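In: Provide a 3D model corresponding to the input given below.
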Amino acid sequence: MGAAYSMGDVDHLFMCFVRWSPATAHSSDPDFLRIHPDVINSFLSNLASKNWTIVTVKQQNKRRPSVCSSVDSESYDLLPVLIDHSEILNEHHLEQLMNHIPARTQGYSWKLVYSTAQHGTSLTTLYRQMRELDRPVLMVIKDTDNQVFGAFSSDPFKVSSYCYGTGETFLYSFSPEFQVFRWSGENSYFVRGFLDSLQMGGGGGPFGLWLDSDLYRGSSYSCSTFCNRPLSLHHDFTVRDLEVWSFV
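Out: Next up is the predicted model:
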């Protein structure tokens, strides 16, 4: 009998077998997981000899043991460790975002790369702060209506004459409830940076997320790249705080 698994399930299962037997777990295709039968038999035999504990849904919201963990193994917090203080993010935001960032960024601490509170309101400074980065970033915006929204970008923000990024890039909003808007496949207008603006999403009309050179004025419209609804309460918004986080 076959079983259907999400990509997140496969990522966790693959990491589990890699830790269990690195030499026999292979995944050259991200859609398939191939494990030698001897490894599965050994793995299941070991599981049967362990004592396990039941974790309630309420407990699981705060802590979740590793896929390979038993009661005598160390569990880890679902919430990421913030190396720096955030003016925007609270525990509720982190709990929601952690479930949607790509598997390759999970388990890392979050480091503040840019903040309007620390670095001033300048898109040029934002680009400068990311000049040495080669990893994904998470942008978090709080507007003057106290709404929180933003974007995950597979690439750090930079000035470019072309659009960049991959299908990992997505928009999100907590206004009024948490929602993620992933790549629709319609086009690849993920991110494009200019000296006078930063644009995310497009397709012959307004942008999914647009910010001016002072990181003060912004706008959000539905776009074909992400098939999103406007991220803010109003199409045009004023930034109160803006932060960009990396994973280290």
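
In: from here on, contacts and neighbour counts on C-alpha atoms
Out: Fine.

In: which stretches of this structure form helices?
Out: 7-20, 37-48, 57-62, 91-98, 116-119, 123-129 (DSSP state H).

In: where among those helices is the average confidence lowest?
Out: Here the lowest mean pLDDT among the helices of the chain goes to helix 57-62, at a mean of 38.

In: so what does the longest strand along the chain touch, helix or strand wise?
Out: Longest strand of the chain, by residue count under DSSP state E: strand 236-247. For strand 236-247, the packing partners by 3 or more CA pairs under 8 Å, 6 or more residues apart in numbering; DSSP states H and E come out as strand 110-115, helix 116-119, strand 137-143, strand 217-219.

In: what comes into contact with that strand?
Out: 86-88, 105, 108-117, 135-144, 146, 215-220 (CA atoms under 8 Å, 6 or more residues apart in numbering).

In: likewise stretch 220-230?
Out: In contact with stretch 220-230 (CA under 8 Å, 6+ apart) are residues 170-171, 181-190, 201-203, 205-210, 231-232, 234-236.

In: Tell me which of those residues fall in strands.
Out: 170, 171, 181, 209, 210, 236.

In: count of neighbours near the last one?
Out: The number of residues packed near residue 236 is 17, by other CA atoms under 10 Å.

In: Looking at strand pairing, list the partners for it.
Out: Note on residue 236: beta-bridge partners by DSSP bridges are residue 219.

In: Do you know the pLDDT at it?
Out: Looking at residue 236, its pLDDT is 98.

In: Same question for the second one.
Out: In the prediction, the pLDDT value recorded for residue 171 is 98.

In: Assess the claim that it and residue 181 are in contact.
Out: Yes: the pair residue 171 / residue 181 is scored as a contact, 5.1 Å apart, by CA atoms under 8 Å.

In: Show me which of the two is the more surrounded one.
Out: Higher neighbour count among residue 171 and residue 181: residue 171, with 27 against 18, using other CA under 10 Å.

In: got a list of what residue 89 touches?
Out: residue 140.

In: And it, how close does it get to residue 165?
Out: According to CA to CA, to the nearest Å, residue 89 stands 24 Å off from residue 165.

In: Could you list the low-pLDDT ranges of the protein?
Out: 1-77 (pLDDT under 70).

In: Could you rerun that using 80?
Out: Under the criterion pLDDT under 80, the flagged ranges of the chain are 1-78.

In: ok, what's across the strand from the residue nearest to residue 140 when sequence neighbours are not counted?
Out: Leaving aside its sequence neighbours, residue 140 sits nearest to residue 150 (CA to CA, 6 or more residues apart in numbering; 4.7 Å). Beta-bridge partners of residue 150, counted by DSSP bridges, are residue 140, residue 172.

In: and residue 150, how many neighbours?
Out: When neighbours are counted by other CA under 10 Å, residue 150 registers 22.
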